[in-house]
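Participant: predicted model follows, preceded by the sequence.
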Amino acid sequence: MREGYRVWVDLEELKGGEDWWRDIERAIRKRVAKFLVCISRKSNDREGVLKETRVASVVGREQPNFIVPLRVDDLPFTEFNIEVARFTGVDFSTSWASGFAQLLDVLKRANVPKPIFHGADAACDRWDLAFAGRGTVHAQDETLVSNWLPVDGRTDVIWWHERDGTLGFEGAKFLPAYPVFEHGRYFLSFASAEDLAPAFEAADSKINKSASIKLSEFVRSGLAGLSIDKNKARDIQMRLLRLSIDAFLASRGLARYEMSNGKACYWFSIALVGTSRFKAKRPNGSEASRALVGTAKGHSWHFAVELRPAFRPFDLLTFVPHVVFSDADVVISSTSRQHSLRRTVCKQWFNDQWSDRIAIALARLSDDQGNLVIPLGGKSNLTASATPVLFQSPVTYTWGAIDVFPEDGERVEAITANDSDGPDDDDAATDGEDEEALDV
């Protein structure tokens with residue numbers, strides 16, 4: 001709507017006492033230019049979503065690319081229900097902004113009309129009407145806490161080590177103290193030959209030759225002598241940093257959990273922290289008091305940490321919080337059960353609860369100077385501040401009387417076409433008309 005499109009949403013348009021399936025079918029068949037269906041693990045097999053999509057499929061026989069699936073969580077496209085699996089979807093799961101931009105491009109290329117000339121104003125009016133009493137935006141400065149941890153220092157060189165080819169190499173015995181990236185007979189690492197020599201000796205081998213290169217030069221140009229281009233060099237740098245971060249979190253006693261996207265997070269176990277509350281200073285100086293482990297729905301929940309290295313707009317670590325569920329520190333193996341519990345238990349965790357737990361987790365992981373010191377090699381570390389970057393917003397949001405979000409469910413949206421000469425009032429059209437008022 002903000003971009004000028006008229007939107008019909010089933011959850012908002014249907015009123016009490018109406019035959020809503022009839023109204024939904026009528027809207028899909030006669031009003032809709034594009035049928036947008038939000039697909040998630042929860043909505044994928046919901047009968048209501050499937051019914052609406054079946055109607056849209058019939059309409060789509062005469063209107064190519066009529067159905068546009070919107071992926072809103074981590075459900076793989078390959079697991080989409082049969083009604084929408086054959087259509088090209090738009091991915092909102094990794095970035096809402098990029099997904100929205102892609103959706104706008106789809107609508108533009110399809111020449112979907114934009115009848116609302118003051119889209120932003122109309123969207124604000126609709127928000128005020130739909131969410132009256134839930135809160136208000138005020139023109140008042142507010143300090144926002146990010147999940148960016150600025151990196152204050154890290155190594156400026158990377159080493160390559162050539163293994164002696166005349167000797168054997170027992171890979172199973174090779175257990176280096178610091179992460180390495182194996183590239184043929186070469187090993188790349190932030191650690192020097194001195195740091196890695198004991199591991200090579202344990203593997204019945206030794207380092208034949210070593211040299212270092214400026215890390216900035218390595219990621220900019222690669223290393224031609226080892227047939228490493230700049231893209232491979234950047235992958236190697238990222239891989240070594242992630243392995244170093246993983247080793248750091250494991251060294252602090254956190255347990256590893258493999259997520260469905262192939263990445264890993266590290267969680268606080270009952271054995272490590274118990275279920276007591278911990279305290280930490282918030283960025284504004286006040287004191288946070290939260291537990292990192294608790295119980296809900298007959299299981300234990302555990303706050304978990306993922307630290308992602310990034311280099312733009314500056315060197316930083318991104319703190320990504322997760323929640324893992326267990327039965328007495330034994331992780332629940334079912335990924336679908338993990339997802340269901342997260343949606344149920346964590347849906348009412350508001351920003352203050354997440355940010356407080358992030359602050360407490362960082363306090364437990366940092367040193368006495370308030371830094372995360374992550375070993376990269378014998379004499380090199382990555383040092384990041386445990387105090388997140390703060391941003392100043394010119395507006396603030398004040399919560400209203402309703403302070404709990406509605407339970408997540410399926411939401412089917414349809415972008416409507418518009419007959420600019422037709423009436424705006426739904427009552428102005430009759431069931432028998434081929435062209436009826438094209439509603440929001």
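Facilitator: Right, received. Where do you want to start? Numbers count the residues shown, from 1 in each chain.
Participant: can you pull the contacts of the residue lying closest to Glu79 once chain neighbours are set aside?
Facilitator: Closest residue to Glu79 apart from its sequence neighbours, by C-beta to C-beta, 6 or more residues apart in numbering: Asn44 at 7.1 Å. All C-beta spots, glycine's among them, are computed from the backbone N, C-alpha and C. Contacts here follow C-beta atoms under 8 Å, 6 or more residues apart in numbering; on that basis Asn44 touches Leu75, Glu79, Phe80, Asn81.
Participant: nearest to Phe350 among those residues?
Facilitator: Using C-beta to C-beta, Leu75 is the member of the contacts of Asn44 that sits closest to Phe350, with 25.0 Å.
Participant: helix/strand/coil for the spatially closest residue to that closest one that is not a sequence neighbour?
Facilitator: What sits nearest to Leu75 in space, not counting adjacent residues and going by C-beta to C-beta, 6+ apart, is Arg41, at 4.8 Å. The three-state label given to Arg41 by DSSP: H, G, I helix; E, B strand; the rest coil is coil.
Participant: might one say that Arg41 is in contact with Asp73?
Facilitator: Yes - at 5.8 Å, Arg41 counts as touching Asp73 under the criterion of C-beta atoms under 8 Å.
Participant: can you tell me the element Ile236 falls in?
Facilitator: Ile236 is part of helix 230-251, with elements assigned from DSSP states H and E.
Participant: again, but for Phe87
Facilitator: Using DSSP H and E, Phe87 maps to neither a helix nor a strand.
Participant: swap in Val59?
Facilitator: Applying DSSP H and E as the criterion places Val59 in helix 47-60.
Participant: and if you look at Leu103?
Facilitator: Leu103 is part of helix 96-109, with elements assigned from DSSP H and E.
Participant: quick check: mean pLDDT of the next helix or strand after that helix?
Facilitator: Downstream of helix 96-109, the first helix or strand assigned by DSSP H and E is helix 119-130. For helix 119-130, mean pLDDT is 74.
Participant: backbone torsions only: list them for Arg337.
Facilitator: phi -70, psi -40 (degrees, to the nearest 10).
Participant: could you tell me how many residues sit around it?
Facilitator: Arg337 sits with 12 neighbouring residues when counted by other C-beta atoms under 10 Å.
Participant: same check on Val68?
Facilitator: For Val68, the count of nearby residues is 23 (other C-beta under 10 Å).
Participant: likewise Leu390?
Facilitator: Counted with other C-beta under 10 Å, Leu390 comes out at 12.
Participant: swap in Ala177?
Facilitator: Neighbours of Ala177 (other C-beta under 10 Å): 14.
Participant: in which helix or strand would I find it?
Facilitator: Here Ala177 is assigned to no helix or strand, by DSSP H and E.
Participant: okay, it and Gly378: tell me how far apart.
Facilitator: 8 Å (C-beta to C-beta, to the nearest Å).
Participant: hey, what's in contact with both of the two?
Facilitator: Ala191, Asp195.
Participant: circling back: can you tell me which of the contacts of Asn44 comes closest to Gly48?
Facilitator: Nearest to Gly48 among those: Asn81, at 12.3 Å, using C-beta to C-beta.
Participant: look up which helix or strand the closest one falls in, please.
Facilitator: With DSSP H and E as criterion, Asn81 is part of no helix or strand.
Participant: quick one: it and Lys51 touch, right?
Facilitator: No - if you go by C-beta under 8 Å, Asn81 and Lys51 don't touch, sitting 11.7 Å apart.
Participant: show me where pLDDT drops low in this protein?
Facilitator: Residues of the chain meeting the criterion pLDDT under 70: 10-19, 129-135, 399-440.
Participant: so Ser260 touches Leu75, yeah?
Facilitator: No - the criterion here is C-beta under 8 Å, and Ser260 misses it with Leu75 at 9.8 Å.
Participant: of those two, which one has the most company?
Facilitator: Using other C-beta under 10 Å as the criterion, Ser260 and Leu75 rank with Leu75 on top: 19 against 12.
Participant: so that one sits in a strand?
Facilitator: No - Leu75 is assigned coil when assessed by three-state DSSP, not a strand.
Participant: just the strands in the stretch 201-350 of the chain please.
Facilitator: Ranges of strands within the stretch 201-350 of the chain are 207-214, 255-258, 264-267, 277-281, 287-291, 293-296, 299-310, 316-327, 330-331, based on DSSP state E, counting those that start in this stretch.
Participant: wait, what's in contact with the closest residue to Thr318 other than its chain neighbours?
Facilitator: In this structure, Thr318 finds its nearest non-sequential neighbour in Arg308, 4.4 Å apart by C-beta to C-beta, 6+ apart. For Arg308, the contacting residues are Arg242, Leu317, Thr318, Val320, by C-beta under 8 Å, 6+ apart.
Participant: could you redo the last one with a cut-off of 10 Å?
Facilitator: Residues in contact with Arg308 (C-beta atoms under 10 Å, 6 or more residues apart in numbering) are Asn147, Met238, Leu241, Arg242, Ile245, Lys263, Leu316, Leu317, Thr318, Phe319, Val320.
Participant: follow-up on the earlier one: so how far is Arg312 from the residue nearest to Glu79?
Facilitator: Distance, Asn44 to Arg312, by C-beta to C-beta: 35 Å.
Participant: same thing with Asp246?
Facilitator: Distance from Asp246 to Arg312, by C-beta to C-beta: 22 Å.
Participant: the more surrounded of these two?
Facilitator: Counted by other C-beta under 10 Å, Asp246 and Arg312 do not tie: Asp246 has more neighbours, with 19 against 6.
Participant: my guess is the more buried one contacts Ala264, does it?
Facilitator: Yes - contact criterion C-beta atoms under 10 Å: Asp246 and Ala264 qualify, at 6.7 Å.
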